[in-house]
Structures are given as structure tokens and as C-alpha cells.
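Visitor: coords please:
(chains A, B, C and D)
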Number of protein chains: 2
Amino acid sequence: MALGRPRSFDTDTALAAAMGVFWRRGYEGASLAELTKAMGINPPSLYAAFGNKEQLFRAALDRYGERRSEFFAWVLEAPTAREVLERIFRGTAESSTTPGEPRGCLVVQSGTACSTADDSVAKEIVARRRGIEEAVTARFQRAKDEGDLAPDVCPVALARYVSAVVQGIALLAANGAEREELQQVAEIAIRTLPAGQSASDSRSAQEPAMTAGCIEPANQH
Amino acid sequence: MALGRPRSFDTDTALAAAMGVFWRRGYEGASLAELTKAMGINPPSLYAAFGNKEQLFRAALDRYGERRSEFFAWVLEAPTAREVLERIFRGTAESSTTPGEPRGCLVVQSGTACSTADDSVAKEIVARRRGIEEAVTARFQRAKDEGDLAPDVCPVALARYVSAVVQGIALLAANGAEREELQQVAEIAIRTLPAGQSASDSRSAQEPAMTAGCIEPANQH
DNA sequence: CGTTTTATCTAACGGTCATTACATTTCTAG
DNA sequence: CTAGAAATGTAATGACCGTTAGATAAAACG
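Guide: Down below sits the predicted model:
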């Protein structure tokens, strides 16, 4: 049973607001002033609830990863490699331009610049990107074992190619590209797959849409 | 005839050093302390020679753009669209991992995060990216007019796809990917072109290699 | 030589950064 | 009602940011 004065704000809501700030500004670009303003609290409350800025950021990454893992689970359960790629590209294009959310990808946006090379935050971000890349690699290996992917295709390289296109799309989105434009990019990437098999129309299965829980719309100033 | 005390450092050398810092740290991540240390001068000399940090950055962008324009001129003079893409992908993979230079692309690295959305620096970076994209678009349009590119291909969309892959490769490089890994990515992107025409082996023409004039090797600390 | 002009160095400027004392408020437990 | 515990708001901390006075040093010109 709670002792002492109860917390006057909702932790999840505040974390969602903080995630939105990190998403738009990057890790180092997000100042405590902007974070606390968006969260509607003062610095001592932030430190009491989340530790410090870095731990708050890790919590935001975790929250973002939860939403995204739903999306990736749906991606990886696709029956063929071609459909895996179709879901990745189309889903990324859509989730990078969800109305009411920041553009691009929190992970891409947070770690690209503005952090020392040997920084622990930068290593964390790289590790998370690598984790996804390894998951995609494993999926391609399985597809290869099942004969779903041509035997001359290297799963590691193909996953890296996918990672490059995905990050490129995220960067375009962060720089103001519209949804239709990114969809065109995704369609080109799909039309030119190395797998080159079946599955022309498979958009019937409804898609988790990867809506991350960023509540506040823009918070411009 | 020179009046007053002569400058004790070489402007071009100092600018090259500054470009290397911006390349590694991004614009906001590069502090005056690190810049002046790499350039071997003190803040007043920097301000006397270059104005301020932003103007120094623009000068570094110009210097970087000179080197890169050689590369892109060589890219755009390729006889077919397929070879244009091959040169882009292969050349980017190489120039993103030139030994003795920072990884990735100065423009991608500088503007991704850590700058306010309505900042003039961010707009400048986006404008430069868009300029290249428009140049590639024009080249594809020409290829389409010449029958070199399939008539159902949209040059704008294809250029955006290229931009995405290129920026994705640059991000991978900035996060420590090796040259061979990026070459694999480029090969996949090439193997899967929408143009799908001729020109299997055209690596004989020697390539300007896009070596930007960054002198100092790493300058770790 | 002295004067002028420019570059240099040291040291500081105000501003913002992340972080935290400290006193106060608001709850539960007895 | 009182005592203890936890969260709050105000305001400060030292460190770093980009930038700049102000004094000094080194060159050309008379």
C-alpha cells in the first residue's frame, strides 16, 4: 500500500510524451526543459520516476520496441520471403508517416549524429539495430532452408540490404517526404526483389500498423 | 601586398580538419573546442577566418560538395541507367569506407538529428539532398526519353528509391559496417534493378573514387 | 625608427545543459 | 491529531556551449 504523497502524473503517459520528444529531437537534441514541458512535470519528478535522462531514453526505447515488435512479429510470420519484404517495406513506409506521430523511426533518428562515438547511448542504439538485422537474417535463413529463397542469396547480405532501404526510407520521412512518396519507394524496392517469387496480392491480412503510443500530436512552438 | 601580421595557419588545411570533425560528429555535435583542437588554432582565429561555426560548416559543406560533384558527374555521364545505378551504389559503398576518412556521408551524418526542425542549418542540408535527388531525376528522365529506361518507370520515384538506398548505406557505414558488407548491399541493389537491361560488366572505366580531402586519420581521445 | 594593420593568445562573457538541495505539500499509519 | 514517508515546486549547482573583449605580437609602409 502506497506510502507518502502519491504521484500526481501518470507514468505511462509521461513516458509516451518523452518518447515523442526523443523521436523528434534525437537523444542529445532533446533537452530536459523540452522533456519536462512535454511530460507536464518538473525535473525532480522526472528524476524520481525514471532515474535520469539516459534511463528515461532507454525506457522510451523499450516502449517503442514493444510496439515495433508487434509489427515485426507480423512481418516475420509471413509465409514467403517476398511477402516478408513486402510487409517490411510497406509497413515501414506507413509507420514512418503515421498522422499524429513524429516522422521516421525513433531509433534511426536518435542515434545518427550528435553522440560521441564511444558513447554508451550510441552503442545501445547500434546494438538494437543489429538485433533486428539478426532477426531478419534468421528469417531469411529459414526461407532459404525451406526453398523459399534462391540458394545463391546470402541471408546476411540481404538483411543488410533491407536494413539500408528501411533506414533510408526513415531518413526521407524525417526530412518531410509524404506517405505517397515513400510508398512509391517501397513499391520499387518490392518490384525488384532478388527472391522473385509468387505472391502478387497478399494485402488482405490486416496489419498491426505499428502505431507507437505517442499521444500528443505535434507540440510545435 | 599583405598588410598586418600574416596568418600562421593554412586555411584549406584547417577547413579540411573542420570538415572531418563535422563529418564524424554532425553539426551540433561538433563543439568549438573539438573544432579548434583539430584545426590547431584558437577560437578568435577561427572566427576571424571563417566568421562563425555555421559559416565554417557551410564552407565545409562546399568543400565536401566539390569532391562529391566530381563523383556525381562521373556517375551521371554513364551511358545507361543501369550503369548510372551501378556507379552510384558501388561508388557510395566505396566512398563511405575510404580509409583515413570518417565513415558515411557528411551530409547524411550532419543533419539527421540534433537540430531544430525550423533551423536554417537543417533546411540547408535538406536542400542539398534534394538538389542531388533532382539531378538524378533529370538523368532518369533523359534515360526514359532515350528508351534506356522502361516507360512505366517514374523517374522521380526511382530517384527517391536511390536516395533511400544511398542514405541507408551511409548510415550502415557510420555504424561500423565494413566495406565488404556494404559492397554486398550494393550488389543486391544492383541485381534487383527495375530497369533490368544490359551492361553486366562495366567496371573497367576508372572511377574518381570521391576522396574528400580529410587529412587527419582518426583523432580519437 | 614609429605608425598602422592584422593576427594571435588569454580570459572572460551570458546562456543552456543535466542534475540536485531544500523546503513544502500530501498522503498513510498509528 | 501526530509522525513518518514520498512527491512536489523553486532555485540553485558546476560544466560546457558559442562567442567575444582586451592586450600582445608580427608584419608592411613612411
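Visitor: right, and A:E178 touches A:P99 too?
Guide: No. Applying Cβ atoms under 8 Å, one finds A:E178 not in contact with A:P99, separated by 11.6 Å. For glycine as for every other residue, the C-beta is placed from the backbone atoms N, C-alpha and C.
Visitor: These two - which one has more neighbours?
Guide: A:E178 (11 against 6; other Cβ atoms under 10 Å in any protein chain shown).
Visitor: Over to the residue nearest to the more buried one when sequence neighbours are not counted. Which of the three states is it?
Guide: Excluding its sequence neighbours, the residue lying closest to A:E178 (Cβ to Cβ, 6 or more residues apart in numbering or on different chains) is A:T97, at 7.1 Å. Three-state call for A:T97 (DSSP: H, G, I helix; E, B strand; the rest coil): coil.
Visitor: From DNA strand C, how far out is A:T97?
Guide: Note on A:T97: its distance to DNA strand C, by Cβ to the nearest atom of the strand, to the nearest Å, is 27 Å.
Visitor: How about the contacts made by that residue?
Guide: For A:T97, the contact set (Cβ atoms under 8 Å, 6 or more residues apart in numbering or on different chains) comprises A:103, A:173, A:177-179, A:182.
Visitor: Model confidence for it, exactly?
Guide: A:T97 is assigned 76 on the pLDDT scale.
Visitor: likewise the one 3 residues further on?
Guide: As summarised for this prediction, A:G100 has a pLDDT of 85.
Visitor: sec struct for it, please.
Guide: coil.
Visitor: where do the strands sit along chain A?
Guide: Counting by DSSP state E, one finds no strands in chain A.
Visitor: shaky segments in it?
Guide: By pLDDT under 70, the weakly predicted segments of chain A are A:1-2, A:80-82, A:84-85, A:89, A:93, A:108-129, A:132, A:170, A:173-176, A:192-221.
Visitor: Quick one: the helices in it, in order.
Guide: Remark: helices assigned in chain A by DSSP state H are A:11-25, A:32-39, A:43-50, A:53-76, A:81-95, A:106-111, A:120-145, A:155-174, A:179-191.
Visitor: who wins for proximity to B:F9 among those?
Guide: Nearest to B:F9 among those is helix A:120-145 (31.5 Å), distances taken as Cβ to Cβ.
Visitor: my read: A:L56 touches A:L35, true?
Guide: Yes. Judged on Cβ under 8 Å, A:L56 makes contact with A:L35 at a distance of 7.3 Å.
Visitor: shared neighbours of the two, anything?
Guide: A:18, A:46.
Visitor: So for A:A138, what's the nearest residue that isn't a sequence neighbour?
Guide: A:P155 (7.9 Å).
Visitor: pretty sure that neighbour contacts A:K144?
Guide: Yes. With contact defined as Cβ under 8 Å, A:P155 counts as touching A:K144 (6.0 Å).
Visitor: Near DNA strand D, which residues of chain A? Just list them.
Guide: A:3-9, A:41-45, A:48-49 (Cβ under 7 Å from any atom of the strand).
Visitor: who wins for neighbours among these?
Guide: Most surrounded of the residues of chain A next to DNA strand D: other Cβ under 10 Å gives A:I41, at 19 neighbours.
Visitor: residue contacts, the nearest residue to that residue once chain neighbours are set aside?
Guide: Closest residue to A:I41 apart from its sequence neighbours, by Cβ to Cβ, 6+ apart: A:F9 at 5.4 Å. Going by Cβ under 8 Å, 6+ apart, A:F9 touches A:39-41, A:45.
Visitor: Distance to A:E187 added to the residues you listed, as JSON lines?
Guide: Formatted as JSON lines, the contacts of A:F9 follow (distance: Cβ to Cβ, whole Å):
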{"residue": "A:M39", "distance to A:E187": "39"}
{"residue": "A:G40", "distance to A:E187": "41"}
{"residue": "A:I41", "distance to A:E187": "44"}
{"residue": "A:S45", "distance to A:E187": "47"}
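Visitor: Greatest separation within these: which pair is it?
Guide: The widest separation within the contacts of A:F9 (Cβ to Cβ) is 9.4 Å, between A:G40 and A:S45.
Visitor: List the contacts of the closest residue to DNA strand D within chain A.
Guide: Taking Cβ to the nearest atom of the strand as the measure, chain A has A:G4 as its residue closest to DNA strand D, at 1.8 Å. Residues near A:G4 by Cβ under 8 Å, 6+ apart: none.
Visitor: how far away is the residue nearest to A:L32 when sequence neighbours are not counted from DNA strand C?
Guide: Distance criterion Cβ to Cβ, 6+ apart; nearest residue to A:L32, sequence neighbours excluded, is A:P43 at 5.9 Å. Distance of A:P43 to DNA strand C, computed by Cβ to the nearest atom of the strand: 3 Å.
Visitor: For burial, what's the neighbour tally of A:D145?
Guide: A:D145, neighbours per other Cβ under 10 Å, totals 11.
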